[in-house]
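Asker: Take a look and give me a structure for this.
(one chain, ligands or ions: 1)
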Amino acid sequence: MLTLYGIPINVKESLLAKVSRSEVKKEEGSQTVILDSSLPVKKLKDYAAVVFSQRLEGNSGANEIPVIHHVQGTESLSDGDVIEIFPDGRINVLYQIKSRHNLIFVTSKCDCHCIMCPQPVDENEESLTDLNLKLIPLISKETQELALTGGEPTLAGEDLFRLILVCKDFLSKTSLLLLTNGRKFSDFGYTRLFSSLRHPDITIGIPLYGDNDLEHDAVMGSKGAFNETVMGIINLASFGNQIEIRTVVHNLTYNKLLRISDFIYRNMTFVRHIAFMGLEVIDRARKNVGLLWVEPDKFVPYLEESIHYLIQRGMKVSIYNIPLCLLPDYLWGFAQKSISDWKNLFDTKCIECSVKGKCSGMFDSGIDIYRKYLKPIH
Ligand code: SF4
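Answerer: Next up, the predicted model:
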């Protein structure tokens, strides 16, 4: 999540609102943070808060209006973004109207302990459901895609259903992607309830790291995960849900990709899409990088073989989060620009590269590792 910082005045509690740089209708003011406004104080009182990029000197004249000033990075904000501002001057950007990679962060809690998990867990975290229920109606109705993620979103139980229903109501044109380890769907009753929500366009993205329990559970850091995940996938399919299988390619999985692909084809021919993903080297993946990192020229032949196997059998495949110059050109057609804008970086070497416009670039957290492998294409 993109976070900006400034100096707070009169911000007594956190608040959530849409960003606008220009005056909005009076009835929309209470849901709007106005940015760098020169409106008189009398009019600013109609707004949820005011954010200034410059430092306000002396008496701001803001009276009781919540203000955050001297905020660095406001140029990254657009009209229609949704931000949460805090009494300490922090501004979390929860939704970016220009991004294709927006998400609802359901919970950081998880019932697995994946060896490469990029998400820190906060065991003391309070429910985020109320915040998310306020966030969803502020999101643009033109949003094409929205991910529901965590942690493990199904740990929110039926709160997850509430979020999906609110998305269905307010964002009727938006495709949802639920990123889950799939274990909870081994409960047939839960899957039946989930399916009864009848969201018209939701895909469930589920990881698979082996064709057997020993290998999958070792990566997921949780005994029993494989059996529950496979049962969950089958239950979801039995209700006609759209399923995407996701496999992160690293040292513990790269030479098993063909077996995993064969398992998917033989047992889950119904899945809509299979994604092979590059490693995000942050948090637990950073701590375990010695165990996880595999040289690109070592994993690419396995990736190529697996993609070839699946494509020949009519399955849809993509590559996420791997720069084009690490792949042979005949795999470029599968590579997607998949990294969220706020954590997507290119190296200085990329300036001279002719395919930069089509390339996913790298996670900002891993650029130090990827840098030495980059070969700009001329
Ligand atoms: S050099 Fe940079 S832009 Fe070009 S393919 Fe590699 S990572 Fe992508």
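Asker: Identify the residues contacting Cys112.
Answerer: Neighbouring residues of Cys112 by CB atoms under 8 Å, 6 or more residues apart in numbering: Glu152, Asn181, Arg183, Met220, Gly221, Ser222, Ala225. (Glycine included, C-beta is placed from N, CA and C.)
Asker: most neighbours, which of those?
Answerer: Greatest neighbour count in those, by other CB atoms under 10 Å, goes to Met220: 27 neighbours.
Asker: per-residue pLDDT, that one?
Answerer: Note on Met220: pLDDT of 96.
Asker: could you point out which element follows the worst-scoring helix or strand of the chain on mean pLDDT?
Answerer: Least confident helix or strand, the chain: helix 41-44 with a mean of 81, by mean pLDDT, DSSP states H and E. Scanning forward in sequence from helix 41-44 by DSSP states H and E, the next helix or strand is strand 49-51.
Asker: continuing past that following strand, what's the next helix or strand?
Answerer: strand 67-69.
Asker: That next one pairs with which strands, parallel or anti?
Answerer: strand 7-9 (antiparallel), strand 49-51 (parallel) (DSSP bridges).
Asker: Would you mind telling me which of these is nearest Arg272?
Answerer: strand 49-51 (41.2 Å; CB to CB).
Asker: hmm, back to that, from the contacts of Cys112, which land in helices?
Answerer: Judged by DSSP state H, the contacts of Cys112 include Met220, Ala225 as members of helices.
Asker: for the contacts of Cys112, which one is nearest Ile68?
Answerer: For these, the nearest to Ile68 is Glu152 (33.0 Å; CB to CB).
Asker: could you dump the contacts of Cys112 to a markdown table with distance to Ser196?
Answerer: Shown next, in a markdown table, are the contacts of Cys112 (distance: CB to CB, whole Å):
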| residue | distance to Ser196 |
| --- | --- |
| Glu152 | 21 |
| Asn181 | 22 |
| Arg183 | 20 |
| Met220 | 28 |
| Gly221 | 32 |
| Ser222 | 28 |
| Ala225 | 26 |
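Asker: The stretch 201-350 of the chain: strands as residue ranges?
Answerer: Ranges of strands within the stretch 201-350 of the chain are 202-207, 242-248, 273-277, 317-320, 335-336, 344-345, based on DSSP state E, counting those that start in this stretch.
Asker: what packs against the fifth one?
Answerer: Right, the one you point to is strand 335-336. Secondary-structure packing of strand 335-336 (3 or more CB pairs under 8 Å, 6 or more residues apart in numbering; DSSP states H and E): strand 317-320.
Asker: Neighbours of Ser38, how many?
Answerer: Residues near Ser38, counting by other CB under 10 Å: 5.
Asker: Tell me the secondary structure of it, please.
Answerer: Using DSSP: H, G, I helix; E, B strand; the rest coil, the structure places Ser38 in coil.
Asker: what's whichever helix or strand Glu84 is part of in contact with?
Answerer: For Glu84, the host element (DSSP H and E) is strand 82-85. Contacts with strand 82-85, where a contact means CB under 8 Å, 6+ apart, come from 8, 11, 14-19, 33, 49, 51, 66, 68, 77, 91-95, 131, 135, 138-139.
Asker: hmm, try it at 7 Å
Answerer: 11, 14-19, 33, 49, 68, 91-95, 135, 138-139 (CB atoms under 7 Å, 6 or more residues apart in numbering).
Asker: Any of the residues you listed buried? List them.
Answerer: Listed as buried from these are 11, 15-19, 33, 49, 68, 91-95, 135, 138-139; burial here means 16 or more other CB atoms under 10 Å.
Asker: just checking, which of these belong to strands?
Answerer: Per DSSP state E, strands hold the following members of the buried ones among the contacts of strand 82-85: 15-19, 33, 49, 68, 91-95.
Asker: just those residues now: which is nearest the ligand?
Answerer: Ranked by distance to the ligand (CB to the nearest ligand atom), these are led by Val93 at 25.2 Å.
Asker: contacting residues for Thr182?
Answerer: No Thr there; residue 182 is Gly. With CB under 7 Å, 6+ apart, Gly182 has these contacts: Ile206, Thr229, Gly232, Ile233.
Asker: for Thr253, same thing?
Answerer: Contacts of Thr253 (CB under 7 Å, 6+ apart): Tyr209, Val219, Thr247.
Asker: how about those in a markdown table, adding distance to the ligand and neighbour count?
Answerer: Below are the contacts of Thr253 laid out as a markdown table (distance: CB to the nearest ligand atom, whole Å; neighbours: other CB atoms under 10 Å):
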| residue | distance to the ligand | neighbour count |
| --- | --- | --- |
| Tyr209 | 26 | 24 |
| Val219 | 26 | 24 |
| Thr247 | 22 | 23 |
